[in-house]
Structure formats: structure tokens, C-alpha cells
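**Student:** I'd like to go over a predicted model; first the sequence, then the structure.
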Amino acid sequence: MLLAVAGCVPDAEVSQSDSQKNRQEFSQENYERAMIAAGKGKELEEEKRRNAEYLKGGQ
């Protein structure tokens, strides 16, 4: 079976600058800024609280 994915090239290399740009664009900081800008600061704080509990091992 052959599976082709649009935009993907086998053995394609991602340049260092592209990789860095993607890390910045999809960073936690940018995510939080976007949530606040969208008026979802309360949801963001709740998500951060849940994540902290999860990381501590609580449920």
C-alpha cells in the first residue's frame, strides 16, 4: 500500500531556520497570548491548573 500525504516529500530536510520558526510560532507563550486575546483567560488558567495537577501526579 502506498500512502501519499500532500505537502510531504520523502527524505525532505527541515532547515534550522524553518524548525526554529515553527517552534516559535507554536510555542506555549504564543498559545497563551492567543487565548488571552480571544478572551479565554479564565479557561487558560483552568487548563494550566489541570496540567499542573497532572504533572504532580494528581487527578
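**Tutor:** Cool, got the structure.
**Student:** Give me the helix or strand of the chain that scores worst on average pLDDT.
**Tutor:** Within the chain, no helix or strand scores below helix 16-25, which has a mean of 88 by mean pLDDT, DSSP states H and E.
**Student:** Just give me how far the helix or strand just after it sits from the chain centre.
**Tutor:** Remark: after helix 16-25, the chain's next helix or strand is helix 28-37, criterion DSSP states H and E. Relative to the centre of its chain, helix 28-37 is centred 11 Å away, using CA atoms, centre = their mean, to the nearest Å.
**Student:** For helix 28-37, name the packing helices and strands.
**Tutor:** Here helix 28-37 touches helix 41-56, going by 3 or more CB pairs under 8 Å, 6 or more residues apart in numbering; DSSP states H and E. Where C-beta positions appear, they are placed from N, C-alpha and C, glycine not excepted.
**Student:** what about Glu13, is that helix, strand or coil?
**Tutor:** coil (DSSP: H, G, I helix; E, B strand; the rest coil).
**Student:** number of nearby residues for it?
**Tutor:** Counted with other CB atoms under 10 Å, the neighbours of Glu13 add up to 8.
**Student:** same deal with Gly39?
**Tutor:** By the measure other CB under 10 Å, the count of residues near Gly39 is 8.
**Student:** Kindly report the same for Asn51.
**Tutor:** Neighbours around Asn51, by other CB under 10 Å: 10.
**Student:** Check Lys40 too.
**Tutor:** If you count neighbours by other CB under 10 Å, Lys40 ends up with 14.
**Student:** tell me the pLDDT at it?
**Tutor:** At Lys40, the pLDDT value in this model is 97.
**Student:** what's the answer for Val9, then?
**Tutor:** For Val9, the model assigns a pLDDT of 63.
**Student:** now Met35
**Tutor:** pLDDT, Met35: 96.
**Student:** Tell me who's in contact with the closest residue in space to Ile36 that isn't next to it in sequence.
**Tutor:** Spatial nearest neighbour of Ile36, chain neighbours left out: Leu44 (6.6 Å); criterion: CB to CB, 6 or more residues apart in numbering. Residues in contact with Leu44 (CB atoms under 8 Å, 6 or more residues apart in numbering) are 32, 35-36.
**Student:** Fine, thanks again, bye for now.
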